[in-house]
Every structure is written in structure tokens, then in C-alpha cells.
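Novice: need a structure here:
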Amino acid sequence: MKLKNILLIGASTGGPGRLHTILEQLPSDFPPPIIIAQHMGSPFIASFVKQLSSVTSLNVLKVCEGMELEPSSVYVCSGECQVIEKEGRIYFVHNEDASLPYTPDINTLLLSAAKLSKSIEKMGVILSGIGDDGAKGARELFEAGGICMFENEESATVYGMPRCATELVPQADTGGMTQIITAIKCFGEKSV
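Specialist: Below you'll find the model as predicted:
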């Protein structure tokens, strides 16, 4: 199916609770596919998918190689996840064995999304986390015309990842969870 927009969320320390909060407040017909890159070892992804499924009626899936993105679905990355475009459709390229500094790697995901055609609107959200993962990818996404929003210092459990992203993309919006959820809902309405 041809998609109008895609939501990408990167998180680390403090992320799971925030992801629960976001998903439980989205409508059951939230149109854009949501791709989540939460730093977490592959053995824990299946139980995390179950946890997220318990707070939303959206379809929550673990990313598999070649999986096509569909509307009103949530995709949880495991290992290295990238998105590619073929004939107007978006698919995952997936590699469990990638030796990247973070698992899954948010930069890898966002950098791949930045290469998708401009006709697909993209929003990248960086939530609480240690380190700098997601900052370079967010900059590329923003420079490619995407929307970026980062959790602010007052809200984040750990302000490392959002701080680094804000430093590289100072034009992006920042906010607490209420503002982030409002922005995500507004982004979803663009699909209607």
C-alpha cells in the first residue's frame, strides 16, 4: 500500500514507559505506521511487543526481513532495521547480527528513512536515553524535509539522546510527553 507518512520513534533508558503512554493515547485507526527503535537486546523484543500490544488496539509487530509497512501498525525493531522503497511501497531490511554501538541502532533507521521519497512525510521523535544515538539520523531526516521532535530536559529520565539531537537540529521542536503526543496526533491527521 502506498503510504502518506511514517512516524519513527527512538528511545533508550526510560523509553518503554513513554512508549506505553504514547501508544495508549493514540486512536485505534491512527493512520501512519509507527516504527520504534528502543534500545533493547533481541531476546527481550518479543515480550516488549506483547507489552505494547496490551496498551493499544493498533497491530504491534516485531520487524522481520522484507516486511512491508502497513497503515495503523506498530513495528518494533530488533537489531539493525532499515526501510527501503520499491515501486512506492516501503519494506524493512533487517539484520540481527549487525555490530553497531546500539541495538537497535536509531541512527541506522532514521538515516534510511531520510532517503525515502519526499512524497512520504516523515516524523522522527527522540525520547529519553543515554548517549547520542539518533542525533545524526535526525539531522539527515530534518535536512531531507522531515519533521523532528525531541523530549525536553524537564521530561526526560536521561537527557543524553534528546540533548545531542537538539544540538544537531536546533530548529526542531522539543517538549514533554503531552506536547509530543499532541504533535504525533497532529502528524497522524495529515494522513486523513
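Novice: Could you use CA atoms for every contact and neighbour count after this?
Specialist: Will do.
Novice: Secondary structure element holding the closest residue in space to Leu52 that isn't next to it in sequence?
Specialist: Excluding its sequence neighbours, the residue lying closest to Leu52 (Cα to Cα, 6 or more residues apart in numbering) is His20, at 6.2 Å. Secondary structure from DSSP states H and E places His20 in helix 15-24.
Novice: That helix packs against which elements?
Specialist: Packing contacts for helix 15-24, counted by 3 or more Cα pairs under 8 Å, 6 or more residues apart in numbering; DSSP states H and E, involve helix 45-53, helix 177-189.
Novice: just to revisit the earlier point, so how many other residues sit close to the residue nearest to Leu52?
Specialist: Other residues within reach of His20, judged by other Cα atoms under 10 Å, total 16.
Novice: So for it, what's the pLDDT?
Specialist: pLDDT recorded at His20 is 98.
Novice: What count of nearby residues applies to Tyr159?
Specialist: Tyr159 - counted by other Cα under 10 Å - has 21 other residues nearby.
Novice: What separation is there between Thr166 and Ile120?
Specialist: In this view, Thr166 and Ile120 are 23 Å apart by Cα to Cα, to the nearest Å.
Novice: Leu52 - how many residues pack around it?
Specialist: Around Leu52 there are 23 residues (other Cα under 10 Å).
Novice: Contacts only, for it.
Specialist: Leu52 makes contact with 19-20, 23, 60, according to Cα atoms under 8 Å, 6 or more residues apart in numbering.
Novice: out of these, who's nearest Gly176?
Specialist: Leu19 (13.0 Å; Cα to Cα).
Novice: In contact with that closest one, which residues are there?
Specialist: So Leu19 contacts Leu52 (Cα under 8 Å, 6+ apart).
Novice: my read: Met177 touches Glu153, true?
Specialist: No - contact criterion Cα atoms under 8 Å: Met177 and Glu153 do not qualify, at 11.3 Å.
Novice: Tell me which of those two has more neighbours.
Specialist: Comparing Met177 with Glu153 by other Cα under 10 Å, the one with more neighbours is Met177, at 19 against 16.
Novice: Apart from its chain neighbours, what residue comes closest to Lys4?
Specialist: Closest residue in space to Lys4, ignoring its immediate chain neighbours: Ile120 at 5.0 Å, by Cα to Cα, 6+ apart.
Novice: Which helix or strand lies directly C-terminal to the helix or strand bottoming out on mean pLDDT in the chain?
Specialist: The helix or strand of the chain with the lowest confidence, counting by mean pLDDT, DSSP states H and E, is strand 89-95 at a mean of 90. The element immediately downstream of strand 89-95 (helix or strand, assigned by DSSP H and E) is helix 106-114.
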